[in-house]
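Participant: prediction below, plus the sequence it came from.
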Amino acid sequence: MKTKLFEPYKINGITLKNRIVMSPMCMYSSTEEKGFVEDFHLTHYISRAVGQVGLIMVEATAVTPQGRISAQDLGIWSDEHVPKLKQLVDGMKKYGSATAIQLAHAGRKATVDGDIYAPSALSFNEKSKLPKAMSKEEIKATIHAFKEGAQRAKKAGFDIIELHGAHGYLINEFLSPLSNKREDEYGGSKENRYRFLYEIIEAVKEVWDGPLFVRVSASDYHQDGLNIDDYVEYALKMKEQGIDLIDVSSGAVVPAKINVFPGYQVRFAEKIKEQAAIATGAVGMITNGLQAEEILQNERADLIFIARELLRDPYFPRTAAAQLGEEIQAPKQYDRGW
């Protein structure tokens with residue numbers, strides 16, 4: 001019998017061949033100002049599909065030009081982005097990986113030229129640019145941009161969409177009282193601060209009927225910020241809206257000291273899974289198969305998101321399988337050495 005890490009996993013009509021997910025990681029490799037998939041992206045992502053990753057999630061991809069973290073970010077704000085994204089999707093699927101894309105807006109953490117936008121005119125730190133507080137019209141336009149991004153993701157053939165609601169980017173900025181000081185219907189109460197994400201989810205669902213994930217930062221690591229109990233409440237709201245899985249990270253809405261250790265965020269995924277009764281993904285310093293298997297066997301999360309370890313080892317599934325005494329099929333081209 002297979003270990004849980006190498007069991008197929010079904011979610012809203014999509015089957016992953018195993019529970020290893022390549023976590024979205026910005027590569028900052030697009031041609032400046034264009035946001036297109038380049039040769040590097042094709043090599044980078046498709047090699048992980050050859051390495052037998054179950055689900056490959058493409059990095060934070062900006063729904064507007066001003067929503068990029070950097071001028072080298074991938075974009076999905078134009079139909080011109082679709083052909084190269086489709087080429088990337090087709091290349092990953094050729095080797096049996098399911099495909100996902102993370103739709104994102106950097107908010108006040110954008111470093112592009114010109115104005116940047118946030119719920120309130122508060123910079124991330126003293127070295128960061130001061131953002132403009134978004135008008136209601138700008139909020140509505142951004143929600144529409146997420147919807148259009150989802151339409152383009154569908155045209156490109158992605159199996160899954162993730163909304164980036166973590167790490168101090170725009171959605172996270174609306175959720176946290178540390179970055180959202182608005183006094184209208186998008187600020188103040190916890191319910192109001194959730195409204196931006198609520199409306200994005202509803203807009204995306206108008207054009208997308210596949211699996212929909214949300215990445216969250218389950219703790220602000222600040223006494224006046226959000227904590228895991230707040231995110232259990234938010235997870236319940238997302239579940240009501242039909243979100244399929246919460247990808248549970250933490251931090252980065254404000255500068256904070258974080259005590260980092262192997263699996264340090266797993267407890268957040270475990271609590272959301274248990275108390276909100278929704279599927280979760282665990283991420284953060286998960287580096288070997290035994291560690292991943294423990295998380296799954298104890299039902300602390302449903303999927304294992306691997307980040308830096310997949311940068312070091314594009315064939316991490318093979319490595320993890322060896323650690324677990326598991327055999328997985330090799331790409332036929334590599335059968336001699338697998």
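Facilitator: Right, received. Where do you want to start?

Participant: gap between Ile139 and Tyr231?
Facilitator: 22 Å (C-beta to C-beta, to the nearest Å). Where C-beta positions appear, they are placed from N, C-alpha and C, glycine not excepted.

Participant: who has more neighbours out of these two?
Facilitator: Tyr231 (26 against 22; other C-beta atoms under 10 Å).

Participant: so where is the stretch 201-338 of the chain shaky, pLDDT-wise?
Facilitator: Along the stretch 201-338 of the chain, no part satisfies pLDDT under 70.

Participant: burial of the spatially closest residue to Pro262 that is not a sequence neighbour, as a residue count?
Facilitator: Beyond its immediate neighbours in the sequence, the residue positioned closest to Pro262 (C-beta to C-beta, 6 or more residues apart in numbering) is Met285, lying 4.7 Å away. When neighbours are defined as other C-beta under 10 Å, Met285 has 15 of them.

Participant: now Glu191
Facilitator: Residues near Glu191, counting by other C-beta under 10 Å, number 11.

Participant: following the helix or strand where it lies, which helix or strand comes up?
Facilitator: Element membership of Glu191 [criterion: DSSP states H and E] is helix 190-205. Of the helices and strands lying after helix 190-205 in sequence (DSSP H and E), the nearest is strand 212-217.

Participant: who touches the helix or strand encompassing Asp247?
Facilitator: Under DSSP H and E, the secondary-structure element containing Asp247 is strand 245-249. Identification of contacts with strand 245-249 by C-beta atoms under 8 Å, 6 or more residues apart in numbering yields 11, 23, 162, 166-167, 211, 213-218, 231, 235, 238, 265, 268-269, 272, 276, 278-284, 301-303, 305.

Participant: hang on, the earlier thing: what sits against the residue nearest to Pro262?
Facilitator: The neighbours of Met285, taking C-beta under 8 Å, 6+ apart as the test, are 260-264.

Participant: out of these, which sit inside strands?
Facilitator: By the criterion of DSSP state E, membership of the contacts of Met285 in strands covers no residue at all.

Participant: need the max-distance pair from the residues you listed.
Facilitator: The largest distance within the contacts of Met285, taken as C-beta to C-beta, falls between Val260 and Gly263 and amounts to 10.2 Å.

Participant: overlap in contacts, the two.
Facilitator: Between them, Val260 and Gly263 share these contacting residues under C-beta under 8 Å, 6+ apart: 284-285.

Participant: between the two, who's got more neighbours?
Facilitator: Set side by side, Val260 and Gly263 show more neighbours around Gly263, with 18 against 10, by other C-beta under 10 Å.

Participant: how close does the more buried one sit to Ile286?
Facilitator: Using C-beta to C-beta, which is the criterion applied here, Gly263 is 6 Å from Ile286.

Participant: now for those two: what residues contact both?
Facilitator: Shared contacts of Gly263 and Ile286, counting by C-beta under 8 Å, 6+ apart, come down to Ile295.

Participant: any idea how far Ser30 is from Val82?
Facilitator: Applying C-beta to C-beta, the value for Ser30 to Val82 is 15 Å.

Participant: I meant Ile101, not that one.
Facilitator: With distances taken as C-beta to C-beta, Ile101 is found 11 Å from Val82.

Participant: more neighbours: the two, which one.
Facilitator: Ile101 (27 against 17).

Participant: tell me what whatever helix or strand that one lives in is packed against?
Facilitator: Assigned by DSSP H and E, Ile101 belongs to strand 98-104. In terms of contacts (3 or more C-beta pairs under 8 Å, 6 or more residues apart in numbering; DSSP states H and E), strand 98-104 is packed against strand 14-16, strand 55-62, helix 82-93, helix 136-156, strand 160-165.
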